[in-house]
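sequence-free structure coming up:
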């Protein structure tokens, strides 16, 4: 089979070419043996054109990074050289993109680069906090322990994400079901009853008139609804990319009933956990605060942590900069104050982050239990209104006056 490739050589130059191999894996192996870093590989087809096999490769997932961190921690603690550990993991990797990334990192480490510098080449897989934690551990000679800590933190973060997504799935599913049933009633059931109402000389109730108009527009002008829905989705996605749009959306998530408390605790949990990990790793406080800002996943908490960093740079302590801030509970600020005054801030933050991890789990359970009756009430109200609009004229027709 013939393959076309794009690769980077040892000097960083991009090279394009063509080679023959039994399959894609053999072609990749041959290029690596030639000292090239593979960027893309395509099967050359004589008639149908090129098929880019990278389109069908799995991306490197969060669970891949967690597994990688855990395995590297075990192997480095056991005394296995880092380059050897990376080579072994690359051979075991089933995901081609993960295999290629590990090979690239291994070759960079063997070439004399620091591990943190090699990781920084893949920002989509290793964020700034990950790279800085590894960098701090390299300076202190505690890479194995740090990778284990990163693995635990990443696992906790992944579990938190899963819990939040799980809490959001139920209302989303209920809304879809409600919309589906409503559309069915308005486009299939209502049109069968409308002719019966039209042939009778009767005063049609207001709710029924509105539903008849809505049913008519859905069946005869459905394309307007599709276009409108598409424009709403496009507008929402465009808004999220703009600073004002993200700020409005983040404000909504912090203040929305029922779910707002959960999202606040998630942001606090993530930022405090990162602050604890970075400070315990020996990362400078200002840099630790900036990293905590980056992982909070809410623009209001991001701005708050950056303001705290500015005030700490001006000579204040963290708890002083946080005093009076409504985004953080007073008890949390008091705990940080105790940690700073006793010189045990890292230990205190560890305990606080453990506490907030539990609080997130409790908030998810509480939100889910409260959302269920609310969604049932909303769904019942919408479908009940449509059903009542259909039944009101029937009640009138069956009354003795008619």
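Thanks, I have the structure now. Note that the coordinates shown come from a computational prediction; the quantities given were computed from them, not determined experimentally. Residues are numbered from 1 along each chain as shown.

what are the ranges of the strands in this protein?
Assignment of strands within the chain using DSSP state E yields the ranges 2-8, 14-20, 37-43, 51-52.

Mean pLDDT lowest where, among the ones you listed?
With a mean of 40, strand 51-52 has the lowest mean pLDDT of these.

Near residue 316, how many other residues are there?
Using other Cβ atoms under 10 Å, residue 316 has 14 neighbouring residues. Using the backbone N, CA and C atoms, a C-beta is placed for each residue, glycine as well.

List of residues touching stretch 227-238?
residue 245 (Cβ atoms under 8 Å, 6 or more residues apart in numbering).

quick check, distance from it to the centre of its chain.
In this view, stretch 227-238 has its centroid 21 Å away from the chain centroid, taken as Cα atoms, centre = their mean, to the nearest Å.

for stretch 380-388, same thing?
On Cα atoms, centre = their mean, the centre of stretch 380-388 falls 35 Å from that of its chain.

my guess is residue 87 contacts residue 106, does it?
Yes: Residue 87 is within contact range of residue 106, at 5.3 Å (criterion: Cβ atoms under 8 Å).

In terms of neighbours, single out the busier of those two.
Neighbours were counted for residue 87 and for residue 106 using other Cβ under 10 Å; residue 106 has more, 21 against 17.

That one against residue 91, yeah?
No: counting by Cβ under 8 Å, residue 106 does not reach residue 91; the two are 10.3 Å apart.

how many other residues sit next to the residue nearest to residue 166 when sequence neighbours are not counted?
Using Cβ to Cβ, 6 or more residues apart in numbering and skipping residues adjacent in sequence, the residue nearest residue 166 is residue 364, 7.2 Å away. Using other Cβ under 10 Å, residue 364 is surrounded by 22 other residues.

likewise residue 237?
Residues near residue 237, counting by other Cβ under 10 Å: 10.

Then residue 241?
Neighbours around residue 241, by other Cβ under 10 Å: 8.

Can you give me the distance of it to residue 234?
Distance from residue 241 to residue 234, counting by Cβ to Cβ, to the nearest Å: 11 Å.

And the chain, what are its domain boundaries?
Using automatic domain parsing, the domain parsing of the chain gives 2-56, 62-155, 156-402.

if you compare these, which one is most tucked away?
domain 62-155 (a mean of 18; mean count of other Cβ atoms under 10 Å).

End to end on that domain, go ahead and measure it.
With Cα to Cα, to the nearest Å applied, domain 62-155 spans 9 Å between its terminal residues.

sorry, back to before: contacts only, for the residue nearest to residue 166.
Applying Cβ under 8 Å, 6+ apart, the residues contacting residue 364 are 163-164, 166-167, 262.

Which ones among the residues you listed map onto helices?
Taking DSSP state H, the ones among these that sit in helices are 163-164, 166-167, 262.

and those residues, which two are the farthest apart?
166 and 262 (11.4 Å; Cβ to Cβ).

how about low-confidence regions in the stretch 1-150 of the chain?
Within the stretch 1-150 of the chain, the segments meeting pLDDT under 70 span 1-3, 6, 8-14, 21-26, 28-29, 37-58.

so who does the residue nearest the centre of the chain touch?
Centroid-nearest residue in the chain: residue 161, 7.0 Å away (criterion: Cα atoms, centre = their mean). Not one residue lies near residue 161 by Cβ under 8 Å, 6+ apart.

pLDDT score for it?
79.

From residue 185, how far out is it?
36 Å.

Over to residue 160?
Applying Cβ to Cβ to residue 160 and residue 185 gives a distance of 39 Å.

Longest helix in this protein, please.
The chain, longest helix under DSSP H: helix 345-397.

How far off centre is that helix?
Distance, centroid of helix 345-397 to centroid of chain: 21 Å (Cα atoms, centre = their mean).

Kindly provide the whole-number mean pLDDT of it.
85.

again with stretch 295-310
90.

Begin at 799, not 1, for the rest of this chat.
Right, with 799 as the first residue, what we last looked at is stretch 1093-1108.

which residues does residue 912 contact?
So residue 912 contacts 933, 936 (Cβ under 8 Å, 6+ apart).

This completes my enquiry, with thanks.
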